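Return a 3D structure for these sequence lines:
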Amino acid sequence: MTKTERVQISLHAQNLKNVAGAFKGTSDPYAVVTLIASEPGVQPKILGKTEVIKNNLSPHWVAKFEVDYDFSKPTRFNVGIYDEVKKSENKSMGNALFEIGEVLGARGNIKAKKLKKGGTIFCRIEKAATANSGTFDFQLNGFKLKNVDGVFSKSDPFFEVSKLVNAAGGPTWQIAYRSETIKNDLNPKWKSVSIPLSQICGDNKDEKVVITVKDWEKSGKHTPMGSVETSVNGMLNKAKSGASFELKKKNKSYGNVVVISAKVEGEKVNPAPAATTAAAVTGAAVATASAVEASNANEPTLPITPVPVPTTPASTSFIPRPSFIDYLSGGLELQLSVAIDFTGSNGDPRKQGTLHYIDRFGGQLNSYEKALTSVGAVIAKYDHDQQFQMLGFGAKYGGVVQHCFQLGPTPEVRGVKGMIAAYRNTFKSGLIMSGPTVFADVIQVAASQARKKQESLKRFGQQAYHILLILTDGAVSDIARTKQALTAASTAPLSIVIVGMGSADFSTMQFLDDFATQEGIRDICQFVNFDRHPNKIDLTQATLDEIPDQVVDYFYSANIMPLPAVHGSQLNLVADEYNEEEEIQLDLNFNEDGEITLGSGGVLDETGYGDYNAVAGVTAVAPAQASAPQAYQPAQPYNPASAPQQAYVPTQQPAPAQPYNPASAPQQAYAPVQHQQAPAQPYNPPSAPQQAYAPVQPQQPQQAYAPVQPQQAYAPPQQQVINVQVPAGVGPGQQLQLQHPQTGQPMLVTVPQGVIP
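Next up, the predicted model:
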């Protein structure tokens, strides 16, 4: 069952281009938010529009938009900005496409994008109000406000109520409500207000809020008339006592604000009011109302003095379970390791139809690449440095089977593009696909990495959680050792997703879903059969649906509460450059009564896996021209011509995909042994009986397999690629005798298929 959480979208913009026209003043911008349809059967939906901000090219809209968030699939929405033109067609000022996961994964849960016509749009996402938060109803009047509009006119006052939020630049005052403007009146009586309590203070009525009164100016540069810091409880108390708030600006009195009425309705009492202690006030900030007055901006950034509070609550206090979004809002990073099966049962990767076959010229992804890119792309949104660990298992290097080895020349690769490159380049590393299928080593490595990363970040007040994606074509060979590894890993900040590739019988993998319940340990493992999920969204939902609960289970059971957002200068927030490919066709109809309807567009089908060019960001490889040297292409699977002394050794039997079968020797069940000892011969297909797999002899049962050190995977030696210019008249299949450019030794190479002299 798909799990969703409700989130709230807020927007502001900076330095928009004025599209009002010559001698027509400054644009009056508002934003329209449209939820994009990403799969068949789903319709796009207009979530709504913001209020219009008059004569302002850096508007801070108060209106918020709510939508369901599902970690396991993309949810995109378009923000279109328009200049309101009375009695004429509204003018577009630009639009930007956002994805909820990308925003939640960004520092401070805020993302900025530059617009084609100029300016930048900022989007912030936070958890939406809970159903039991209730509403806050109040009414304010101004009394003897100080005129700031000059000698010959009176101020036009309106007020704003701002709450303190943890944004990318640290604690920041964010406008929660803006009133109407009362013209030429220093004793204004504003309309009654009714807003969700969570919109102004979350669930904490003692949370600081600031009431700021401003003089409206046509230019959009409204003049502050004073402010006061209080809380919802403070306003409730003033309403009961009849006392007023004194407005101050630069320590001088600027009049008073009277709370005519104030009440909270519909609030359900939380059985544990202490819940906010650790989670909500960790790293909380102390701010002064005077800081709000320091700028004409609607959302100024304040100087903050941190107040450290322990993140681990007292054992005697009940702490309600936080949500996944609470941890993301606190800056939690998700990190990914991928382990890929290179056992012989996958078949010869050079033959079309086998699981590891790489389509060099057609660009189609194989099943391993589809799973890798679809799941990897989702998790990558929540990893700030975009560095991922790539591992392999089930192959021989130097005649020794390795159950955990490094893919690529570096311990980590960057982004989905780096993952694909590391995977494809493994076929030119001299490996021999072997067996059996052993998961325990990669689980131990991932668990060790997860513990080390969390402990390292903990010292800096940060949090991390690790996800291990195992892609395999066969059932695990040693269930007992796998269970032991899962038990040990259940105490680490780790989740394991195993995806079964191909048509093998995975019925024995059922133990992965039942094991945690039977043993009474934290459930960290999920098995998914790739062939049962017809498209990318269906696959990512099946593989990642349990991750949010597993994340919360780990931290909550360890009494680790969510942290506030990462502090830093909001000025350092780097906006994404305008990307024409993100433009989406939307036909919006603006009615005279202000209603907006969607005529057409708003669909972006994300069910397909795409091709190699799309995920790797490259141009399709074409055969080389005669004038250019023929280099080894990265999309080419293992190339025997580049290293004939370490050629891939396929099985010679008619059915090369025969996996290791422990049932063939039940009296001598597989017992792994030390790598360096003779009995450690890896599984060898029956085509080579003189080197058949030799199980451990019964008289040596104590000689158990010793896995690699958890902190380090085997790093195979990297082969050198030499570019060769094919002479005229020489074609595919012919051999050339060359001299090695470094050693001077003679070499005999075969010209591969697809090379044109």
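
got the CA positions of the helix ranked longest in the chain in CSV?
The longest helix of the chain (DSSP state H) is helix 440-458. The C-alpha trace of helix 440-458 is given here as CSV (Å, rounded to 0.1, in the frame of the first residue of the first chain):
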residue,chain,number,x,y,z
ALA,A,440,26.5,-11.5,3.1
ASP,A,441,29.7,-9.6,2.2
VAL,A,442,28.0,-6.6,0.5
ILE,A,443,25.5,-6.4,3.4
GLN,A,444,28.4,-6.3,5.9
VAL,A,445,30.2,-3.6,3.9
ALA,A,446,27.0,-1.4,3.6
ALA,A,447,26.2,-1.8,7.3
SER,A,448,29.7,-0.7,8.2
GLN,A,449,29.6,2.3,5.9
ALA,A,450,26.2,3.3,7.3
ARG,A,451,27.4,3.2,10.9
LYS,A,452,30.5,5.1,10.1
LYS,A,453,28.7,7.8,8.2
GLN,A,454,26.1,8.4,10.8
GLU,A,455,28.7,8.5,13.6
SER,A,456,30.8,11.0,11.6
LEU,A,457,27.9,13.3,10.8
LYS,A,458,26.5,13.1,14.3
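
other SSEs contacting that helix?
With contacts defined as 3 or more CB pairs under 8 Å, 6 or more residues apart in numbering; DSSP states H and E, helix 440-458 has these neighbours: strand 333-341, strand 387-393, strand 464-472, helix 479-489, strand 494-500. Any C-beta I mention is one placed from the backbone N, CA and C, and that applies to glycine too.

can you pull out the helices in the stretch 201-350 of the chain?
Per DSSP state H, counting those that start in this stretch, the stretch 201-350 of the chain carries helices over the ranges 232-241, 276-281, 290-293, 324-329.

Tell me how far the residue nearest to residue 551 when sequence neighbours are not counted lies from residue 752.
The shortest distance from residue 551 to any non-neighbouring residue, by CB to CB, 6 or more residues apart in numbering, is to residue 465 (5.2 Å). In this view, residue 465 and residue 752 are 44 Å apart by CB to CB, to the nearest Å.

hmm, back to that, need the helices and strands packed on helix 440-458 in CSV (columns: distance to residue 731 and mean neighbour count).
Output for these, formatted as CSV (distance: least, CB to CB, whole Å; neighbours: other CB atoms under 10 Å):
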stretch, distance to residue 731, mean neighbour count
strand 333-341, 35, 25
strand 387-393, 34, 24
strand 464-472, 37, 25
helix 479-489, 50, 19
strand 494-500, 41, 25
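
Lowest average pLDDT across the ones you listed?
When these are compared on average pLDDT, helix 479-489 comes out lowest at a mean of 92.

How about residues contacting that helix?
With CB atoms under 8 Å, 6 or more residues apart in numbering as the test, helix 479-489 has contacts from 438-440, 443-444, 446-447, 476, 496, 508, 511-512, 515-516, 519, 521, 524-525, 672, 705.

now with 7 Å?
439-440, 443-444, 447, 476, 511, 515, 519, 521, 524-525 (CB atoms under 7 Å, 6 or more residues apart in numbering).

nearest to residue 342, of these?
residue 439 (13.3 Å; CB to CB).

What is the neighbour count of the closest one?
For residue 439, the tally of surrounding residues (other CB atoms under 10 Å) stands at 28.

go on, residue 262?
Per other CB under 10 Å, the neighbour tally for residue 262 reads 20.

residues contacting it?
Here residue 262 is in contact with 138, 235-236, 239 (criterion: CB under 7 Å, 6+ apart).

lowest-confidence stretch among the helices of the stretch 201-350 of the chain?
helix 276-281 has the lowest average pLDDT among the helices of the stretch 201-350 of the chain, namely a mean of 33.

Can you get me the start-to-end distance on stretch 179-189?
This stretch, stretch 179-189, spans 11 Å end to end (CA to CA, to the nearest Å).

how much space between the closest residue to residue 332 other than its chain neighbours and residue 559?
Distances taken as CB to CB, 6+ apart put residue 463 closest to residue 332, at 4.7 Å, once the chain neighbours are dropped. Noted for residue 463: a distance of 13 Å to residue 559, by CB to CB.

The two: who's more crowded?
residue 463 (23 against 13).

measure that one to residue 333 for me?
7 Å.

doesn't residue 78 fall inside a strand?
Yes. Assignment of residue 78 by DSSP: H, G, I helix; E, B strand; the rest coil places it within a strand.

how many neighbours does it have?
25.

so who does the closest residue to it other than its chain neighbours touch?
Leaving aside its chain neighbours, residue 78 sits nearest to residue 34 (4.7 Å; criterion: CB to CB, 6+ apart). Residues in contact with residue 34 (CB under 7 Å, 6+ apart) are 44, 46-47, 77-78, 586, 598, 602.

same thing with residue 501?
355, 367-368, 471-473, 530.

In TSV: the residues you listed, plus distance to residue 403.
TSV is the format used below for the contacts of residue 501 (distance: CB to CB, whole Å):
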residue	distance to residue 403
355	19
367	22
368	18
471	15
472	12
473	15
530	22
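
Show me which pair in those is furthest apart.
367 and 472 (11.2 Å).

show me where the stretch 1-150 of the chain has helices.
100-105.

Kindly export stretch 110-130 (C-alpha atoms) in CSV.
Extracted in CSV, the C-alpha atoms of stretch 110-130 (Å, rounded to 0.1, in the frame of the first residue of the first chain):
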residue,chain,number,x,y,z
ILE,A,110,14.1,25.2,-0.5
LYS,A,111,15.0,25.3,-4.2
ALA,A,112,15.5,28.2,-6.6
LYS,A,113,15.2,28.3,-10.4
LYS,A,114,16.0,31.1,-12.8
LEU,A,115,13.3,32.1,-15.3
LYS,A,116,13.7,32.5,-19.0
LYS,A,117,12.4,36.1,-19.0
GLY,A,118,14.5,37.1,-16.0
GLY,A,119,14.3,36.7,-12.2
THR,A,120,14.3,33.8,-9.9
ILE,A,121,11.5,31.7,-8.3
PHE,A,122,12.0,30.2,-4.9
CYS,A,123,10.0,27.2,-3.7
ARG,A,124,9.9,25.9,-0.1
ILE,A,125,8.1,22.7,1.0
GLU,A,126,7.2,21.7,4.6
LYS,A,127,4.9,19.4,6.3
ALA,A,128,1.3,20.4,6.1
ALA,A,129,-1.0,21.1,9.0
THR,A,130,-2.2,18.1,10.9
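
Quick one: mean pLDDT for it?
For stretch 110-130, the mean confidence score works out to 91.

Show me where the stretch 451-600 of the chain has its strands.
For the stretch 451-600 of the chain, the strands defined by DSSP state E, counting those that start in this stretch cover 464-472, 494-500, 525-529, 586-590, 596-601.

Show me how far the third one is from its chain's centre.
This points to strand 525-529. 21 Å (CA atoms, centre = their mean, to the nearest Å).

Against which helices or strands is it packed?
Counting contacts by 3 or more CB pairs under 7 Å, 6 or more residues apart in numbering; DSSP states H and E, strand 525-529 packs against strand 494-500, helix 511-519, helix 536-544.

and the gap between the residue sitting furthest away from the middle of the chain and residue 184?
Distance from the centre of the chain peaks at residue 152, with 56.0 Å (CA atoms, centre = their mean). Noted for residue 152: a distance of 11 Å to residue 184, by CB to CB.

which residues are common contacts for these two?
Joint contacts of residue 152 and residue 184 (CB under 7 Å, 6+ apart) do not exist.

Poorly predicted segments of the stretch 101-250 of the chain, please.
130-133, 166-171 (pLDDT under 70).

For it, just list every one of the strands.
Using DSSP E, counting those that start in this stretch, strands in the stretch 101-250 of the chain cover 110-114, 120-127, 135-143, 157-167, 170-178, 193-196, 209-215, 223-230, 244-249.

want to throw these into JSON lines with distance to residue 406?
JSON lines is the format used below for the strands of the stretch 101-250 of the chain (distance: least, CB to CB, whole Å):
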{"stretch": "strand 110-114", "distance to residue 406": "33"}
{"stretch": "strand 120-127", "distance to residue 406": "36"}
{"stretch": "strand 135-143", "distance to residue 406": "56"}
{"stretch": "strand 157-167", "distance to residue 406": "38"}
{"stretch": "strand 170-178", "distance to residue 406": "39"}
{"stretch": "strand 193-196", "distance to residue 406": "51"}
{"stretch": "strand 209-215", "distance to residue 406": "53"}
{"stretch": "strand 223-230", "distance to residue 406": "55"}
{"stretch": "strand 244-249", "distance to residue 406": "62"}
